[in-house]
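> compute the structure for the input listed below.
(one chain, ligands or ions: 2)
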Amino acid sequence: MAGQTLYDKLWSQHLVKERDDGTALIYIDRHLLHEVTSPQAFEGLRLAGRRPWRLDANLATPDHNVPTTVVERARGNAGIQDPVSLIQVQTLDDNCEAFGIEEFKINDARQGIVHVVGPEQGATLPGMTVVCGDSHTATHGAFAALAHGIGTSEVEHVLATQCLLAQKMKNMLVRVEGELGLGVTAKDIVLAVIGKIGTAGGTGYAIEFAGSAIRGLSMEGRMTVCNMAIEAGARVGLIAVDDTTIDYLKDRPYAPSAAQWEAAVADWRGLVSDADARFDKVVELDAAEIEPQVTWGTSPEMVTGVSGEVPDPEAQADATLKSGYQRALEYMGLAPRQKITDIRLDKVFIGSCTNSRIEDLREAAKVAKGKKVADSVQLAMVVPGSGLVKRQAEAEGLDKVFVEAGFEWREPGCSMCLAMNADKLGAGEHCASTSNRNFEGRQGYGGRTHLVSPAMAAAAAIAGHFVDVRTLESNRAAQEA
Ligand SMILES: CC(C)[C@H](C(=O)O)[C@@H](O)C(=O)O
Ligand code: SF4
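Ligands and ions are numbered 1, 2, ... in the order given. Purely as a prediction, here's the structure:
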């Protein structure tokens, strides 16, 4: 028998029962909750007279609907101007209180985007099944956890039973070998993967990311990669356990300690695909060939290297592709063959569960240090992923670097990643954004999103248009030498 993939191992370790038709019941170790997808689930429990099955498996925090300005946040929930957002956040608080679920409320220092908070607390651990009513739960797979989004009715089911009806996925291996160029990051890797396989390329698969370029990433970088597996169509992204994983988790509040830590680590070491494991599909990329990526269209697969240009729809032989490109260029207000570096920005957003961790902020600050945001950029904002990321960044003086350069330094939340709170793009505005989705209206009605890495976003804020961050990096390297 062939060896097992990491996904196969995680699946079989959590399988409660599998039927002949392929439907299965799996056990869920960790359930994360936020205000958008939990209200009806709690209501369902209430109507059925049920209680959560295992309280300590649950952890909640509001993120999508929270305001991010200091003034509003100082007022707690009362600072939420939008009535619907206020109801959502207040309902989460009330439900967690009523059912006894731990919640990091709006002004708890540990509050933040649920996918930043879980790993930061060590609430996400290798070998776990992790679910949340949120598609970017794929992020947690960076820890060799089987993690994916679920719908609201499933949130209720998990709350009530700690189990989930699931179907086994196929196995895909995305191997990225070699060394990344200066200034090229995890975000560029995952955008390049999506550019290569498309937004439906991973449908039905659990993607394991492997190869020397992936092993060389920090946990922050690995989370960025797995975060966007869903944008490649795969509900699950995974990375095997190694020393980087283990070092990150040591002494985190929810991680095991003392003798239990040693036992856990011994166990976690086995969370790798066997050498003879078989994958249904294998995709390979050469890290050295990956440029800083910029999306030009209205889907993450509409992406190219910064040295490239907007494609010409007329040059597409495929009729569907041609009309898709035409529509995207029209919405984005871009011309065929326009150089990527000629795209001018109105706003810059550094944040979201893709890129709001400490390393992301460090990379952006490195670029912004001693520079000024271009006059033509109306708003450049940095939104840390959690209160603890914010605190760490302030301890390192990153907030000062940003503020001196003309960026706004905000309170943690999903912010301008999606138009569910006060931070929005106006119609027609171009935004360099470190988030993960760029479809029409994602950041505000008529808004035009360009997905990039934190360093690329910071560089665009300074220049007022996209610039190749590698030229800045090589300048700096030359100066330091
Ligand atoms: C609101 C939530 C259900 C949604 C998701 O599932 O991903 C959001 O987080 C997003 O990024 O679009
Ligand atoms: S930061 Fe964006 S992608 Fe992440 S959970 Fe919030 S809205 Fe979804």
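
> only C-alpha atoms for contact and neighbour calcs from this point on.
OK.

> let me know the secondary structure of the residue in the stretch 151-300 of the chain that ligand 2 sits nearest to.
Relative to ligand 2, the nearest point of the stretch 151-300 of the chain is residue 227 (8.3 Å; C-alpha to the nearest ligand atom). Here residue 227 is recorded as helix under DSSP: H, G, I helix; E, B strand; the rest coil.

> ok, the closest residue to it other than its chain neighbours - contacts?
Excluding the flanking residues, the one nearest residue 227 by C-alpha to C-alpha, 6 or more residues apart in numbering is residue 139, at 3.9 Å. Each residue near residue 139 by C-alpha atoms under 8 Å, 6 or more residues apart in numbering is listed here: 115, 147, 223-228, 237.

> among those, who's most crowded?
Ranked by neighbour count (other C-alpha atoms under 10 Å), these have residue 237 at the top, with 37 neighbours.

> can you pull the pLDDT of that one?
pLDDT, residue 237: 98.

> how much space is there between it and residue 433?
Distance, residue 237 to residue 433, using C-alpha to C-alpha, to the nearest Å: 22 Å.

> again with residue 198
If you go by C-alpha to C-alpha, the gap between residue 198 and residue 433 works out to 20 Å.

> ok, these two, which is more surrounded?
For residue 198 versus residue 433, neighbours defined as other C-alpha under 10 Å are more numerous around residue 433 (33 against 20).

> give me the beta-bridge partners of the more buried one?
residue 349, residue 451 (DSSP bridges).

> was I right to think it contacts residue 349?
Yes. At 4.7 Å, residue 433 counts as touching residue 349 under the criterion of C-alpha atoms under 8 Å.

> shared neighbours, these two?
Residues touching both residue 433 and residue 349 (C-alpha under 8 Å, 6+ apart): 417, 457.

> what separates the closest residue to ligand 1 within the stretch 51-200 of the chain from ligand 2, distance-wise?
In the stretch 51-200 of the chain, the residue that lies nearest ligand 1 is residue 134 (3.4 Å; C-alpha to the nearest ligand atom). According to C-alpha to the nearest ligand atom, to the nearest Å, residue 134 stands 6 Å off from ligand 2.

> and the strands in the stretch 51-200 of the chain?
Chain-ordered strands for the stretch 51-200 of the chain, with DSSP state E, counting those that start in this stretch as the definition, fall at 58-60, 102-103, 129-132, 146-149, 163-167, 170-177.

> who does the shortest one pair up with?
Here strand 102-103 is paired, per DSSP bridges, with strand 58-60 (parallel).

> let's test this: mean pLDDT of the strand it pairs with, rounded?
Strand 58-60 comes out at a mean pLDDT of 98.

> so how far is it from its chain's centroid?
Computed by C-alpha atoms, centre = their mean, to the nearest Å, the separation of strand 58-60 from the middle of its chain amounts to 18 Å.

> contacts for it?
Applying C-alpha under 8 Å, 6+ apart, the external contacts of strand 58-60 come out as 30-34, 96, 101-104, 114.

> is that strand anywhere near ligand 2?
No. On the criterion C-alpha under 6 Å from any ligand atom, strand 58-60 is out of touch with ligand 2, staying 12.8 Å away.

> now do stretch 36-52
No. Judged by C-alpha under 6 Å from any ligand atom, stretch 36-52 stays clear of ligand 2, getting no closer than 9.9 Å.

> coming back round to it: surely the residue of the stretch 151-300 of the chain closest to ligand 2 meets residue 143?
No. The pair residue 227 / residue 143 is not scored as a contact, 11.7 Å apart, by C-alpha under 8 Å.

> on that earlier part again, can you put the contacts of strand 58-60 in JSON lines and add neighbour count?
As requested, those are arranged in JSON lines below (neighbours: other C-alpha atoms under 10 Å):
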{"residue": "30", "neighbour count": "24"}
{"residue": "31", "neighbour count": "25"}
{"residue": "32", "neighbour count": "25"}
{"residue": "33", "neighbour count": "26"}
{"residue": "34", "neighbour count": "24"}
{"residue": "96", "neighbour count": "21"}
{"residue": "101", "neighbour count": "20"}
{"residue": "102", "neighbour count": "17"}
{"residue": "103", "neighbour count": "22"}
{"residue": "104", "neighbour count": "19"}
{"residue": "114", "neighbour count": "28"}
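
> out of the residues you listed, which one sits closest to ligand 2?
Within the contacts of strand 58-60, the smallest distance to ligand 2 is 6.8 Å, found for residue 114 (C-alpha to the nearest ligand atom).
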